[in-house]
Structures are given as C-alpha cells and as structure tokens.
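1. Using only what follows, build the 3D model:
(one chain, ligands or ions: 2)
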Amino acid sequence: MKTAIATVSISGNLREKLEAIAAAGFDGIEIFEQDFIADEAGPREVGRMIRDHGLEIPLFQPFRDFEGLPGGLRAKAFDRAERKFDLMQELGTDLVLFCSSCHPESLGGIDRAADDFAELGERAARRGLRVGFEALAWGRHINDHRDAWEVVRRADHPAVGLIVDSFHTLSRGIDPDTIRRIPGDRIFFVQLADAPKIDMDLLYWSRHFRNMPGEGDLNVQGFMRAVMAAGYTGPVSLEIFNDQFRGGPTKTLARDGYRSIVALMDDVRRAEPEAKVDLAPMPARVAPRGVSFIEFASRGDEAEELRALLSGLGFEVVGQHRNKAVTLWQQGEIRIVVNAEEEGHAARAFNLRGTSVCDLGLLVDSAAEVAERAARLGSQPFSQPIGPGEVPIPAVRGLSGSVLHFMDSSATLGGVWEQEFTGSGGAVPGAGLQRVDHIAQTMTYDEMLSWSLFYTTLLDMRKSPMVDVIDPDGLVRSQVVEAPDGALRVTLNGADTYRTLAGAFLEESFGAPVQHIALATDDIFATLDLLRARGFIPLPIPQNYFDDLAARFDFPEGLLEKMQAANVLYDEDASGAFFQCYTPTFAGGFFFEIVERRAGYSGYGAPNAPFRIAAQKRLRRTKGVPAL
Ligand SMILES: O=C(O)c1ccc(O)c(O)c1
Ligand SMILES: [Mg+2]
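-> Numbering: from 1, shown residues only. Ligands and ions are numbered 1, 2, ... in the order given. Okay, here's the model as predicted:
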C-alpha cells in the first residue's frame, strides 16, 4: 500500500513540507498547484527535488471548472488543460484531479460532462496521462460521487477514472457503502480527511476544518472499508485543509498524518478481512490496564518540597534504586518515582522545566506489543543506557519531549521494582489513596489533536466531546481520552493564552506535559481526616461556592457542612456523585487532586473547574507568584 499526502495539508514552504513528509514515512505527495506556483524552481527542478526526497508524485491537483461549459469557454478549458498536461509531464506525474465545476456558466447534464471527459481522456492518453474526476460537495451540478461515477462510466475512456474523497461523501451524509458498487480499477485515487461535526456551510467546513482520519467525527473507516471492498489498489492519500495545520509544527503534523493512515488501514484490514490491504501485520490496539508509575524529575530544594507534598498526601518511601538517585514512593496501587539523577532523560527534563513529570509508565497486557505498535505508527522508540541488573522497559517518546514506558506483569517487567530497588516494597495503606484516577495533561490548543490521536491510535481509548473550561483570564479547552473501563483516563487541556492557569504552567515549565494528577480514594472524608493529621493543607474554596451547591442540589443532612469544612467540591451525573479536593499549586504550577467517585459517576467535575482555577490563582497571588 502506497501512502501519500497533499502538500496543502501541512505548514511551511514546499521544501520544508517535502522534508517533513519524507521523514514521516510517506511514499508520495499530491502536489497542490499553489505550492508549485509559489516555489522559485521550475517544474522539472521541482519534480527532481521531490524525487530526491525519495517521494513520488501520484497526483497533481486541482484543475477547476472544466466540465459542462458552452462554446468558447469550453475550448478555453481544453486549452488550459493542455497547458497543465505540459506541466505534469515536466513535473513527472501522470494523474491529475479535476474537481467538479462551480462555474456559473456550467450547463450541467451527465452526458455533456461525459462527452467533455471522453475528449479530455483522449487528449490525456496521447501523452500517457490520466484524468480523475472528483465530485466537490458544493459542485454546481455534480456534488455526489455517484453522479461523478456516472460521468466517468459514460465517458467510457481508460484514461478517465473516478477520484473519491471521504470529506465530500461523508459531509453530505452520502452512504459510503455506495462506493462498493463501483469497480475498484475505475477508482484512480482516494483522498481521506476527517472533520469535527459542525453545522456549517460545506465549502467553509471543508476549507478550514478538515483534520486527520481519527481526529474528527466522520466515519472515515466505513468510507475506506467500502473503497477497499470495491477492489481499489492505488495510493491512500490525505488531503487536509485546516487553518490550524497551516500554521502548525510541520514535522509533527506530517507524523500525525502518517500515524492516522497506518492506524486507519490497520482498522480497515481488521474490519474488512476480505479486502486486500497491503500493510504489514502489526499488533492490535489493546486496552490499557492502568498507570504503573508516574516519574518526577526533581532535585535540591524542589525535591525537598516534593517530598513534603508526597508525605503530606500519605505516600511513603518504599524503595531506593540500587544504582541511581531514584526513590520509589507508594500508596495503595499508586507508585511515584522521584528521579534526582544528574544525567539522562530525567536530568534533562529537570534542567529544562524544574520539578515536573518526565515519564509515565502505563500498564498493559504486553509491553513489547504496544511498543511495537507504537513504532509501526511512527513513534520514536526511547532508550537510555541501563546499569547493571536494570531491566530494559519498552518506551517511546510522546509529544513535547515526554516519555511513555510500557509495563506488564511478565516475569521480567513485573519484577522490576524488586529487581532494581532496595527496601521493603510492602503495601502502604497511607491515607486511603488507592489508584490514579486520571492524568491531566496541559498543552497548547494546537497540540490537542496530536495528543488525542497519539492515545487513540496506540491504545483502545476513546475521546469524549471537547468542553470549555472558563479561567478568569481566558478559555481552556478540555477533552477526555479514556479506556472503555476507565482503567486509564487522561484529560487533555489546551490553552490559547499564557494568562490562563494552564497557559502559565506551560510557560513556566517550558511545556511540561502533565499539570495535575488525580488520585482516587473510596472515602474522601476519611482520607482527608488522615491527611489533615499529616499536615496536608487543601486548596481553600469560598463560601459562595457552597451556597450555590446548596441551591443546586439536595444533600443528606450534614453533607454540605462536611464538604465545606474539608474544602471538597461536588458534582453529580445521571448515575452517581463526585467529590474533589485539590492541593494548591506547586513548583511551576503542578498540583494533585483527590477524588471519590460514587455509583459510577463518569465525569471529571468540569462544572467546578472555573472555581478551582480561580481559587488556585488567588492563592498564587497572595503568595506573590508572578505571571498570573
Ligand atoms: O476546496 C477545494 O476547492 C478542493 C479542491 C480539491 C480537492 O480535492 C478538494 O477535495 C477540495
Ligand atoms: Mg479532494
């Protein structure tokens, strides 16, 4: 299976695009005419430059407003086509995309369009070229792939075929299974794009909001299953028009694109076993089993502060690394590793960001298989030299310099704590914190799609709709990515401005990925009683909040007073209740949250976020922390 991406899909000039596209692993590009025209080199040189990057040019596009024109306009359209055929030959590509006409004088009529394409096919064939016809969702007369196919069928010329584009089919709600009726060898090219479901003018939606397969809400998998079932064997290509991507990080976007194609085609192969998907086998997505460990990089005074914070939360040191300045803290199933090394990944993270989460260990059934899938999706493997008696734990680089390790219960990995750490390693009941409820990652808004794609393509995790969180100084967008059974829950928070708490954290920590960690207890009030005795100080929540709670909910006698006394926030959904308590922010803005979920509550207390953020900011101001 050959992969390709349209040059419009990512940011940069043509040369930057080519470098990123080649590095991401694509086989070719759809060269968008604008990208060619904007370049200083002529067509032969541009063609050579593309091939020098190891890339093919399976498609040149677009050619607009061709079919159905009367008289002189028709002749002109053919002249224009001949010029573009010249250009294609110089560039070194044999296929061009003709998108359905939006011309005000296009007359319509399937047979008229078919006659135009039959003649065009004849002219193309003389030069060894081919023409593909695509129905734009907003085409004047042809705006449905079924009609475009009818034009191609009646044109009845071997050099004229159909081009299907998932956006044009799915945005109009056309059943993609209708593609199963089209002979696969008459489909010359396939373009893929997803998009968030927004009620919007089709052209505007398409030109500004497309995104990578898996990043939006369209049934791109159903579309591609139909295409493959039809017998299509050509390239699978991305064509993404997206405002954010036009200004985004070129290399990351190219890698996201590659990851999205590989994950999609792997899904298609599994869902449509009869279709011939020419993709090397790879391990399937698996459900994560939980968080095995969270590793902080910290040294010096900050490490002392972290130690006090962890101790105040009921954690105890259960082991010391045999070779390294690394301490293992535990409570319930929660393991926190504090790394004070002066070399290696944690040291680099500390030097850049100060105390911060530098590594997450995810528990899965087979660490080796997840790492292999990650590599197949284009993630960079991560490793650093290991000392005597140390266990190599499979790992990959996430985004923003983060590292994810994969742990399982195999003999080797399951024994890593006993193997590498001295000390009791015994169970620590602590204050009743049992497990990691969720990990909250902070990022710029632009990075949210990349992170959600990272998790959802690698693991069996689903994303929920994006919600707005109101910070007194701006908006933060938040999206949950979680395993079906909640064993791993990650909230992605995208900040647009540095004035928000999340934005300030990004600025102060130079982009640390994890801003807060929520720890679950089965009895929040008992836990907080125990923690108070250890010197734990919760984030103070104002009276106004509790007065509002009293107005919104009916509480059993005494519960509201208990919450108020303990600074516990409350939320509920159709199935259950949620209690939350926060620590003030620490170091560059990191904090912990303590939560109790009752009776299957499945949210994250989003309605409380504005009040929590305001309280954290108030406290930082009174402590004289700048930049907020
Ligand atoms: O938005 C457009 O004009 C446009 C052009 C070419 C395409 O292949 C397409 O899907 C859309
Ligand atoms: Mg298209």
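2. tell me, what residue is most central in this structure?
-> Central residue of the chain (CA atoms, centre = their mean): Leu453, 2.5 Å from the mean position.
3. quick one: contacts of the helix or strand Leu352 falls within?
-> Under the criterion of DSSP states H and E, Leu352 resides in helix 345-353. The contact list for helix 345-353, computed with CB atoms under 8 Å, 6 or more residues apart in numbering, reads 295, 297-299, 339-341, 356, 358-359, 382, 384, 401, 403, 509-512, 588. In this view, the C-beta of every residue, glycine as well, is placed from N, C-alpha and C.
4. could you redo the last one with a cut-off of 7 Å?
-> Here helix 345-353 makes contact (CB atoms under 7 Å, 6 or more residues apart in numbering) with 295, 297-299, 339, 341, 356, 358, 384, 403, 509-510, 512, 588.
5. CA atoms only: put the host helix or strand of Lys17 into PDB for me.
-> Using DSSP H and E, Lys17 sits within helix 14-24. Extracted as PDB, the C-alpha positions of helix 14-24 are listed here (Å, rounded to 0.1, in the frame of the first residue of the first chain):
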ATOM      1  CA  LEU A  14       7.400  23.300  -0.300                       C
ATOM      2  CA  ARG A  15      10.900  22.400   0.700                       C
ATOM      3  CA  GLU A  16      10.000  22.200   4.400                       C
ATOM      4  CA  LYS A  17       6.900  20.200   3.600                       C
ATOM      5  CA  LEU A  18       8.900  17.700   1.500                       C
ATOM      6  CA  GLU A  19      11.400  17.100   4.200                       C
ATOM      7  CA  ALA A  20       8.800  16.500   6.900                       C
ATOM      8  CA  ILE A  21       6.600  14.300   4.600                       C
ATOM      9  CA  ALA A  22       9.600  12.100   3.600                       C
ATOM     10  CA  ALA A  23      10.800  11.900   7.200                       C
ATOM     11  CA  ALA A  24       7.300  10.800   8.400                       C
END
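6. Find the closest residue to ligand 2 in the chain.
-> For the chain and ligand 2, the shortest gap (CB to the ion) falls at Asp165, measuring 3.5 Å.
7. which residues touch that residue?
-> 134, 191, 239.
8. same deal with Tyr445?
-> 477, 494-496 are the contacts of Tyr445 under CB under 7 Å, 6+ apart.
9. mind running it again at 6 Å?
-> Contacts for Tyr445 (CB atoms under 6 Å, 6 or more residues apart in numbering) come out as 477, 494, 496.
10. Out of these, give me the one that has the most neighbours.
-> In terms of neighbours by other CB atoms under 10 Å, the contacts of Tyr445 top out with Gly494 at 23 neighbours.
11. now the residue of the stretch 101-250 of the chain found nearest ligand 1, which residues is it bridged with?
-> Closest residue of the stretch 101-250 of the chain to ligand 1, CB to the nearest ligand atom: Asp165 (4.6 Å). With DSSP bridges as the criterion, Asp165 is bridged to Gln191.
12. How about the residues of the stretch 101-250 of the chain by ligand 1?
-> Neighbours of ligand 1 within the stretch 101-250 of the chain, by CB under 6 Å from any ligand atom: 134, 136, 165, 191, 206-207, 239.
13. Mind putting those residues into JSON lines with secondary structure, distance to Glu150 and pLDDT?
-> Output for those, formatted as JSON lines (DSSP: H, G, I helix; E, B strand; the rest coil; distance: CB to CB, whole Å; pLDDT from 0 to 100):
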{"residue": "Glu134", "secondary structure": "strand", "distance to Glu150": "14", "pLDDT": "98"}
{"residue": "Leu136", "secondary structure": "coil", "distance to Glu150": "16", "pLDDT": "98"}
{"residue": "Asp165", "secondary structure": "strand", "distance to Glu150": "17", "pLDDT": "98"}
{"residue": "Gln191", "secondary structure": "strand", "distance to Glu150": "20", "pLDDT": "98"}
{"residue": "Ser206", "secondary structure": "helix", "distance to Glu150": "22", "pLDDT": "98"}
{"residue": "Arg207", "secondary structure": "helix", "distance to Glu150": "26", "pLDDT": "98"}
{"residue": "Glu239", "secondary structure": "coil", "distance to Glu150": "23", "pLDDT": "98"}
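14. can you pull the contacts of the residue of the stretch 1-150 of the chain found nearest ligand 1?
-> Nearest residue of the stretch 1-150 of the chain to ligand 1 (CB to the nearest ligand atom) works out as Pro62 at 3.8 Å. Pro62 is in contact with 97, 99, counting by CB under 6 Å, 6+ apart.
15. Quick check: which ranges of the protein have low pLDDT?
-> Low-confidence segments of the chain (pLDDT under 70): 424-425, 624-628.
16. same for the strand ranked longest in it, what does it pack against?
-> Secondary structure of the chain read by DSSP state E shows that its longest strand is strand 433-444. Judged by 3 or more CB pairs under 6 Å, 6 or more residues apart in numbering; DSSP states H and E, strand 433-444 is in contact with strand 489-495, helix 501-508, strand 514-521.
17. The shortest one relative to strand 514-521, how many degrees between them?
-> Think strand 489-495. Using axes from the mean of the first three to the mean of the last three CA atoms, to 10 degrees, the direction of strand 489-495 lies 150 degrees away from that of strand 514-521.
18. In PDB, list the C-alpha atoms belonging to strand 489-495.
-> Taking Å, rounded to 0.1, in the frame of the first residue of the first chain, the C-alpha atoms of strand 489-495 are listed here in PDB:
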ATOM      1  CA  ARG A 489      -8.100   8.300  32.000                       C
ATOM      2  CA  VAL A 490      -6.300  11.200  30.500                       C
ATOM      3  CA  THR A 491      -7.700  14.800  30.300                       C
ATOM      4  CA  LEU A 492      -6.100  17.000  27.600                       C
ATOM      5  CA  ASN A 493      -6.300  20.700  28.400                       C
ATOM      6  CA  GLY A 494      -5.500  23.100  25.600                       C
ATOM      7  CA  ALA A 495      -4.500  26.600  26.500                       C
END
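19. That strand - which strands sit beside it in the sheet, and in what orientation?
-> Partners of strand 489-495 in its sheet, by DSSP bridges: strand 433-444 (parallel), strand 474-482 (antiparallel).
20. possible to save these as JSON lines with distance to ligand 1?
-> Formatted as JSON lines, the strands paired with strand 489-495 follow (distance: least, CB to the nearest ligand atom, whole Å):
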{"stretch": "strand 433-444", "distance to ligand 1": "27"}
{"stretch": "strand 474-482", "distance to ligand 1": "26"}
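21. Out of these, which one sits most buried?
-> Of the strands paired with strand 489-495, the one with the most neighbours on average (mean count of other CB atoms under 10 Å) is strand 433-444, at a mean of 22.
22. List the neighbours of that strand that are in contact with it.
-> By CB under 6 Å, 6+ apart, strand 433-444 touches 291, 314, 331-334, 489-494, 502, 505-506, 513-521, 595.
23. same thing with stretch 488-495?
-> By CB under 6 Å, 6+ apart, stretch 488-495 touches 288, 438-443, 445, 448, 451, 476-482, 502-503, 604.
24. With adjacent residues omitted, what lies nearest to the one residue in the stretch 501-628 of the chain that gets nearest to ligand 1?
-> Nearest residue of the stretch 501-628 of the chain to ligand 1, counting by CB to the nearest ligand atom: Gly503, 33.2 Å away. Distance criterion CB to CB, 6 or more residues apart in numbering; nearest residue to Gly503, sequence neighbours excluded, is Ala495 at 3.8 Å.
25. what about that neighbour, how many neighbours?
-> Counted with other CB under 10 Å, Ala495 comes out at 27.
26. Run through the bridge partners of it.
-> Thr444, Val476.
27. could you pull out the strands for the stretch 351-500 of the chain?
-> Here the stretch 351-500 of the chain has its strands, by DSSP state E, counting those that start in this stretch, at 356-363, 395-397, 403-407, 421-422, 433-444, 462-463, 467-471, 474-482, 489-495.
28. Make CSV out of those strands and add distance to ligand 2.
-> Listed next are the strands of the stretch 351-500 of the chain as CSV, based on distance: least, CB to the ion, whole Å:
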stretch, distance to ligand 2
strand 356-363, 37
strand 395-397, 32
strand 403-407, 35
strand 421-422, 55
strand 433-444, 29
strand 462-463, 25
strand 467-471, 31
strand 474-482, 27
strand 489-495, 28
